[in-house]
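Engineer: structure for the following, please:
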Amino acid sequence: MLARQDLLSSQTGERVTHISLNDLGWSPFFADQLETMGVTPDRVMRIAAVQRSKATGLGPRGAVRLTYPPTLSAGDVAVGDWVTVNPDTDVIETILDRTSKLARRAAGIEARTQLLAANIDTLFITTSCNEDFNPARIERYVVLALDAGVSPVLVLTKADTAEDPQSYLQQARDISDKFDAVLLINAKDKEQSDRLRRWCGPGKTVAFVGSSGVGKSTLINALTGSEQATADIRADDAKGRHTTTARSLHFASGGGMVIDMPGMRELGLHDVAGGIDELFDDITELATQCKFRDCAHVSEPGCAVLAAMEAGDLSEDRVDRWRKLRAEDQLNSETIGQTRRRAREITRQHKAQLAAHQRFKGKSRDKSGK
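Structural biologist: So this is what the prediction gives:
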């Protein structure tokens, strides 16, 4: 799992090659916390995998199965977290403050957050030069990265199979100027995949996100020297099968750590207003110039956003995606009670509109005599 061939679990009785905290991405940010807490470094581990009842931690002892205390659950811990551990019981004691956190809205009607990964420096947003390329979905990943303070890098794979790969490169650059880089590569070409090593190295942690079948596992294999299973995409719709089923932490062969994440069919945004404002900073700035402070940018007089659209300075599609992301984030960031109250209000409004429509139809029939 860890992609470092000489590291095996100490709990199996097999050989364990010594690893230091620095190998795992340790930095002064975390060391300062330990000093404040009065905890020694030998009690620290990094989370490599999270399961319902236990987690896997990495440290000088190798890979160790960790237990959650009564105050924590699997939902509180993310792959990439640094934790302090009781060495006698292997129970997690404390989660150290994070440098960054990726999270999304969990599935279901309740407004809950699902942690994806923590303490990441670079997010490789991976998509293919085919039907998988979707600007709206890419924007969601960029918002996620920017809100977390993580550098987004867009990786366009399957360039070798596209008729016009340069057109995808141009479309990608048109999405945003916030990318640290936009790379057009053939993931199966080692020289091309090695271009990603620029963001790896000792003390660095990178993560991969994207749909299934876009080549994430192939790229991770190239960076880690491991042999994760890969799967081809379906020819009819360019969708892939899930080959990664859980988030996991791996060693990069040249130093640093790599976090692999399963392909996500949904990426519900939750409390990422800052990321949306940063991605759409041109629209955000225009919105401050509207005549009314509560302008919805739909039909209000004196709306600077609508004026820019009419002048051809903003595309309608981009503004529409901005509106949708803001509305979704606002809704998903509400409390459960607020969500339910809003749902009841929407239902009442719908019933009132339906009743008014029925009354209108009745009056129309009376006037016509039919």
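Engineer: helix, strand or coil for Gln33?
Structural biologist: Put simply, Gln33 is helix when judged by DSSP: H, G, I helix; E, B strand; the rest coil.
Engineer: give the burial count for it, as a bare number.
Structural biologist: Gln33 is flanked by 16 other residues according to other CB atoms under 10 Å. For glycine as for every other residue, the C-beta is placed from the backbone atoms N, C-alpha and C.
Engineer: same question for Asp277.
Structural biologist: By the measure other CB under 10 Å, the count of residues near Asp277 is 18.
Engineer: does it touch Glu285 like I think?
Structural biologist: No. With contact defined as CB atoms under 8 Å, Asp277 does not reach Glu285; the gap is 9.4 Å.
Engineer: show me where the protein dips below the pLDDT cut-off.
Structural biologist: Per-residue confidence for the chain (pLDDT under 70) gives these ranges: 1-18, 106-112, 227-245, 263-266, 334-343, 346-347, 350, 353-354, 356-358, 360-370.
Engineer: recalculate using a threshold of 50.
Structural biologist: 1, 3, 5-6, 8-16, 229-244, 336 (pLDDT under 50).
Engineer: can you give the domain ranges for it?
Structural biologist: Following automatic domain parsing, one gets these domains for the chain: 10-95, 101-260, 280-332.
Engineer: mind putting those into JSON lines with distance to Asp271?
Structural biologist: Putting those into JSON lines (distance: least, CB to CB, whole Å) gives the following:
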{"stretch": "domain 10-95", "distance to Asp271": "15"}
{"stretch": "domain 101-260", "distance to Asp271": "7"}
{"stretch": "domain 280-332", "distance to Asp271": "7"}
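Engineer: now the helices for the chain?
Structural biologist: Taking DSSP state H, the helices of the chain run over residues 28-37, 135-148, 165-175, 190-193, 216-224, 273-279, 281-287, 304-310, 316-332, 336-368.
Engineer: out of the ones you listed, deepest packed?
Structural biologist: Greatest average neighbour count among the helices of the chain goes to helix 216-224 (a mean of 23), per mean count of other CB atoms under 10 Å.
Engineer: as PDB, could you dump the C-alpha coordinates of that one?
Structural biologist: This file holds the C-alpha atoms of helix 216-224, laid out as PDB (Å, rounded to 0.1, in the frame of the first residue of the first chain):
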ATOM      1  CA  LYS A 216      -4.400   8.800 -11.700                       C
ATOM      2  CA  SER A 217      -3.100   5.400 -10.700                       C
ATOM      3  CA  THR A 218      -0.700   5.300 -13.600                       C
ATOM      4  CA  LEU A 219       0.700   8.600 -12.600                       C
ATOM      5  CA  ILE A 220       1.000   7.600  -9.000                       C
ATOM      6  CA  ASN A 221       2.700   4.400 -10.000                       C
ATOM      7  CA  ALA A 222       5.300   6.400 -11.900                       C
ATOM      8  CA  LEU A 223       5.900   8.700  -8.900                       C
ATOM      9  CA  THR A 224       6.000   6.000  -6.200                       C
END
